[in-house]
Every structure is written in C-alpha cells, then in structure tokens.
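Enquirer: Below are the sequence and a predicted model for it; my questions follow.
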Amino acid sequence: MAQHGESTCPYQPSDALAAEPAARIKMALVSASATQPTSDTLTVLRKRLRAITLIYLVAFALYLPMEFFSYEPSPELIWFVLAPCIIMLAGGAVLTAILWSKRQLSLARLRLCELIAFGVLTVGFGWTHYHSVRIWLPIYAARGPIDVAILATFASHVWFVLIVCYGAFIPNSWRRCAAVVAVMALIPLTLDAVAGLSSEAVPGRLLGHFLMLSSFLMSVAVALAVFGSHDIQVLRQQASAARKLGQYLLKKRIGSGGMGEVYLAEHVLLRRPCALKLIRPERAGDPNMLRRFEREVQATATLTHANTVQIFDYGHAEDGTFYYVMEYLPGLSLEQLVSEHGPLQAARAVHLLRQVCGALREAHAIGLIHHDIKPSNILLCERGGCHDVAKLLDFGLVRAQAVGTGDEKLTQEGAIPGTPAYMSPEQAGGQDNLDAPSDIYSLGAVAYFLLTGRPPFADRSSMKVVAAHMYEPGAPLTEHRPDICVELQAVVMRCLAKQPADRFADAESLEMALAACQGAGDWSEKQAGEWWRKEGVYPT
C-alpha cells in the first residue's frame, strides 16, 4: 500500500524549462538562431517531394510499357528510351520509400532528396533529349524552318513542364529557385548546341533558329518558375505570420471557451509543442480584467508541483490579445474518461484525487484559489513513463464565463463565476474572496462524479443546480454505488458540507483522509499501464 504523500509512480517534469519563471524562458528564446527552419517548412517540403516522386513514379510505370509495346524493339529504343526510364523508375521508387517512411528527415536530407529527385530526372531527360535531337534535327532541318520550329517546341515541352513544376512545388527563396531552374534550362540548350554542331547536315542558320526558339521557351519557363516560387513563398509567409503569435506558431485549435480559444502551438526556435490560450480583449470585457489575468498568470507560473500544468510564457499581441503558453498534455480529461469509460474504481479515483490535492496544497499555500475545479479542468496523461498522471489546469483564470444550462458556465458580466455543477455554496451565493474550502467542495463534487458518473445535482437547469448547492444535501454515494466503502463516502460527503467550517480545512487534510481510506493504495502503475494499453487511449 502506498504511504501517505507517495504516488505509485512519482512523476517529475523532465523538461528543465518547465519549472522556470516566464522571464527566464524569454531570455532563453533570444539566444537561439532565427534562421533555423520550422517544422512547417520541413512538413511542406516533405509533402511536396512525396507528391512529386509519387507522380513521376506512376508516370514512368505507365510510360515504360507503353513505349515498349508501341515500337519495334531496337538497340536505340532500349539504350536511349527504356534504360533511362528504368533508372528513373528505380530512383523514384527508392525516394518514395524514404519520403513515405516514418523516419524523421532534417532539412539537409530533404534538400538532398530534392536534389536526387530532380537530378535523376534532369540526367534521364538530358540523355534521351540529346540522342533524340541528334537523330531528328538533321531530318527536320531538311524539311525547312517550320519543321525545325515544331521540333524545338516538341523537344522543349518536357523541360518546360519540369522547370515550372519545380518552381510551383518546391518551397524556396526566389534566388535559390532561379539558380536551380537556370541550370535546368541551360542543360537542354547546351545539348541542343552540341547535337546540332556535331551534324554537318544541319545548316548554321537553322541551328540558330532552333536554339533561339528553345531559348525563348526555356526563358518563359524560368520566369514562370521564379515568379511562381516568389509569389508562393510570399503567400506562405503571410499565412505563417497570420498564424504566429510572438515566438509561437499556431497549428490548430484544440478548445474554446467563454473567454477565448486554446491552440496547439509550436515554439518556432525550440520546436517544442505547447498549448497557447488566447484571451481576446473584447471577450474579457474589461481592461482591468486582462491586467488581473496577467497578474494571476505570473503567480501561476511560480507553481512547480508535478500535478499542476506548467506555464512557460505569456504576453500581449499587437491587437491587445492576452495569451499565455502552457505545456502541451495530450491525453483525456476526467470528464472524457468517465463519459467514455464509466465511473472509476474507488482505488483509481482516490489515486487521481490525491494528485489534485497535491497541486492544490501548493497553490493554496501562496493564496491562489482555483475557482473552477471540475472534471474537464483535470487532464489525465502519461508523463515520463508514468500513467494516470493528473494535471490541474487553469488556476484563477475563470472568473467571467457565459450563461447556459446544465453544466455550462455562467459567463456574462455580473453573473456567478464558475461551473454550476461543481461550485461551492458560497460561490453559488456570489460570495467574494473565496478561500481553500471552496476548492475543497468543488473537488468533492469531482470525486462524486468520478465514482458515480454524475455530479451531485444532475439533470437540472443551471439556476436550480446553484440553489441545490446552497440548500439541498447531496444524495449519499452508496445510493449510486453500493460498493463504495464507508470511509470514502464519509470523505466525499464531508467535502460537500454546506458550511466551509464543516469541510476539510485544507488540501493536505483531505489528501491524508483519502490515503487512509480502505484500498487507497490498490491502484498501481502496472494496473494503470495495462488499462491504457487495453483501452488504446495513448496520446498521439
């Protein structure tokens, strides 16, 4: 049995930055290089290379049998057409396998794949192009300038498509794109000149006509590629800037509430995933409220308990939006846990509640009251190899929320802050300056939910729930769970006492009482790990 104050798998944050105050984090940000590629650049480049290699793999797989069955087999066909196609097909297959694998590739390796992909295509097209022009240019030159122009157009169309596709597909600066496509354009022009000069049957005037038309087509292709690459890069930068907030790139929205939204974000230099919460000034309703949020975030950033979500940074955007950055914790909330998997075993519920008590003990010691403890504000995750790690979210950031029904928050100016299903009687009565017993009551309501699958007063409107918290006694736990031991029921019902003086005096007292319940230490790390594997709820 676990001793008092111990966890079956004591979790300590592995991220050294997690325990540092926001000012320390900001100093660390400045020292990094702003030239490092973001994961967004790597992702886009890899996706584009995947598409290109897959397209040309399929194209050559279809083209090869078509050429073989369309013409009589000859050494020229095999040497000048089929052999290059087979080489390009093999190269495309290797690159496709690399790019579609789960292996992480750095920017340098992706650029190497880009070089190989377009290098193989350039060499293969160049080989076929040279021998085709060497054979056909004398024949078309004998027919006159119009036929030479037709041959130049036909011989250049593959290069035209290759150059334009490079500019459109590959994320680049315009200078790098110009350098690469210029080399691509010079290769067929050089091969045309060599092929024409090596044949006495091609007059100089017609060779010049052929080269001028080919040069014009290559110049158009280069211009389209460079301007296209530049415009695409500008659009990507604008889109990226629209999704950036300070040093953070917003990836996708993962939640929303009465005050703002929560985004999965990434620090552009550290490449560390994080959760970024935006509080819009128009939704806060009061500039003083935003200033209070900032003070509370500063205080919350000093919390270092392993079961409290760590705050890394905070700041203001140019439009006045306040944001703060937390550790990203993929997992599921206790609300999701019970909704999807049913009420918890008593030992598991006690295991999670004791962790939350530890987080509250530290916060209450410095005068921080949570105000909105509820199942959706407690996240269950796997950290450092330990399963069933409970993380308490959103300290002190829940005082103005929107009027609704059921378990929704009351979130308009002048309304009662908090969540009706889990608020204490004094909170329901609109009392200011709430203290630790208010959070103890809310945690008791969470315990009730974990053990029974429903809060103490369910299936009522918000105002009736508020009134019930103030005046009605809750139904005994055994009414819904006859298997709950007497000690645990007594602990939970004491938390739900109407008078603050009748509850546990502090989170430490509550944790000790939970630890003394029958079977309190029966939920082990082995059981937790087996449950996570069985249910398949590992975060991604």
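Expert: Received the coordinates, thanks.

Enquirer: Please count neighbours and contacts with C-alpha atoms only from this point.
Expert: OK.

Enquirer: ok, Ser333 to Gln355 distance?
Expert: Going from Ser333 to Gln355 by Cα to Cα, to the nearest Å gives 14 Å.

Enquirer: Now do the contacts for Phe457.
Expert: If a contact means Cα atoms under 8 Å, 6 or more residues apart in numbering, then Phe457 has 421, 465, 468-469, 474 as its contacts.

Enquirer: redo that, cut-off 7 Å
Expert: Going by Cα atoms under 7 Å, 6 or more residues apart in numbering, Phe457 touches 421, 465, 468.

Enquirer: now Asn307
Expert: For Asn307, the contact set (Cα under 7 Å, 6+ apart) comprises 355-356, 359, 390-392.

Enquirer: Okay, buried residues for the helix ranked longest in the chain please.
Expert: Secondary structure of the chain read by DSSP state H shows that its longest helix is helix 204-242. Neighbour counts over helix 204-242 (16 or more other Cα atoms under 10 Å) mark 206-207, 209-211, 213-215, 217-219, 221-230, 232-233 as buried.

Enquirer: what about Val325, helix or strand, and which?
Expert: Using DSSP states H and E, Val325 maps to strand 322-327.

Enquirer: now swap in Leu380 and tell me
Expert: For Leu380, the host element (DSSP H and E) is strand 378-383.

Enquirer: So which residues make contact with stretch 337-348?
Expert: With Cα under 7 Å, 6+ apart, stretch 337-348 has contacts from 450-453, 484, 519-523.

Enquirer: now swap in stretch 368-376 and tell me
Expert: 333-335, 363, 395-396, 398, 418-419, 422, 435-436, 439, 442-443, 446.

Enquirer: quick one: terminal-to-terminal distance for it?
Expert: Rule used - Cα to Cα; the end-to-end distance of stretch 368-376 is 19 Å.

Enquirer: how far out from the middle of the chain is that stretch?
Expert: Offset of stretch 368-376 from its chain centre (Cα atoms, centre = their mean, to the nearest Å): 26 Å.

Enquirer: what do you get for stretch 128-136?
Expert: Distance of stretch 128-136 from the chain centroid (Cα atoms, centre = their mean) equals 50 Å.

Enquirer: buried sites along that stretch?
Expert: For stretch 128-136, by 16+ other Cα under 10 Å, it's 128-134.

Enquirer: and if you look at stretch 184-194?
Expert: Neighbour-count burial for stretch 184-194, counted by 16+ other Cα under 10 Å, picks out 184-185, 187-189, 191-193.

Enquirer: Also stretch 264-273?
Expert: By 16+ other Cα under 10 Å, the buried positions in stretch 264-273 come out as 264-269, 273.

Enquirer: Which entry within the residues you listed corresponds to the minimum pLDDT?
Expert: Note: of these, the lowest pLDDT belongs to Val268, at 81.

Enquirer: hang on, the earlier thing: remind me what the strand holding Val325 packs against, helices and strands.
Expert: Applying 3 or more Cα pairs under 7 Å, 6 or more residues apart in numbering; DSSP states H and E, one finds that strand 322-327 contacts strand 273-279, strand 311-316.

Enquirer: what lines up beside the first one in the sheet?
Expert: Pointing back at strand 273-279 there. Taking DSSP bridges as the criterion, strand 273-279 forms sheet pairs with strand 260-267 (antiparallel), strand 322-327 (antiparallel).

Enquirer: tell me the angle it makes with strand 311-316.
Expert: Per axes from the mean of the first three to the mean of the last three Cα atoms, to 10 degrees, the angle that strand 273-279 makes with strand 311-316 is 40 degrees.

Enquirer: Low-confidence bits of the stretch 251-400 of the chain, can you list those?
Expert: Within the stretch 251-400 of the chain, the stretches with pLDDT under 70 are 257-259, 280-287, 319, 396-400.

Enquirer: Please, where are all the helices along it?
Expert: 281-284, 287-300, 334-341, 346-365 (DSSP state H, counting those that start in this stretch).

Enquirer: just to revisit the earlier point, list the contacts of the strand holding Leu380.
Expert: Identification of contacts with strand 378-383 by Cα under 7 Å, 6+ apart yields 11, 329-334, 387-393.

Enquirer: Tell me which entries of the residues you listed lie within strands.
Expert: If you go by DSSP state E, the contacts of strand 378-383 have 331-333, 387-392 in strands.

Enquirer: For the stretch 401-540 of the chain, give me the ranges with low pLDDT.
Expert: For the stretch 401-540 of the chain, residues meeting the criterion pLDDT under 70 lie at 401-417, 538-540.

Enquirer: For it, just list every one of the helices.
Expert: 425-428, 436-452, 462-471, 486-495, 507-515, 525-535.

Enquirer: Please identify the deepest-packed of those.
Expert: helix 436-452 (a mean of 26; mean count of other Cα atoms under 10 Å).

Enquirer: what inclination does that helix have with respect to helix 462-471?
Expert: Computed by the same axes, to 10 degrees, the angle separating helix 436-452 from helix 462-471 equals 110 degrees.

Enquirer: Give me the helices and strands touching helix 436-452, please.
Expert: For helix 436-452, the contact count by 3+ Cα pairs under 7 Å, 6+ apart identifies helix 346-365, helix 486-495 as packing neighbours.

Enquirer: out of those helices, which comes closest to Ile139?
Expert: Closest approach to Ile139 among those is made by helix 346-365 (84.7 Å; Cα to Cα).

Enquirer: In the closest one, which of the residues would be classed as buried?
Expert: Those buried within helix 346-365 under the rule 16+ other Cα under 10 Å are 346-364.

Enquirer: Between helix 436-452 and that helix, find me the angle.
Expert: Here helix 346-365 points in a direction 160 degrees away from that of helix 436-452 (the same axes, to 10 degrees).

Enquirer: Next, the angle helix 525-535 makes with helix 346-365.
Expert: For helix 346-365 against helix 525-535, the angle by the same axes, to 10 degrees is 110 degrees.

Enquirer: Would you pull up how far helix 346-365 lies from the middle of the chain?
Expert: From the chain centre to the centre of helix 346-365 is a distance of 29 Å (Cα atoms, centre = their mean).

Enquirer: the inter-axis angle of that helix versus helix 486-495?
Expert: Inter-element angle recorded for helix 346-365 and helix 486-495: 30 degrees (by the same axes, to 10 degrees).

Enquirer: Contact partners for Phe395?
Expert: Per Cα under 7 Å, 6+ apart, neighbours of Phe395: 300, 370.

Enquirer: Quick check: closest non-adjacent residue to Leu245.
Expert: Ranked by Cα to Cα, 6 or more residues apart in numbering and with sequence neighbours excluded, the top spatial neighbour of Leu245 is Ala317, at 6.7 Å.

Enquirer: The one you found and Leu264: what is the separation?
Expert: Ala317 is 17 Å from Leu264, by Cα to Cα.
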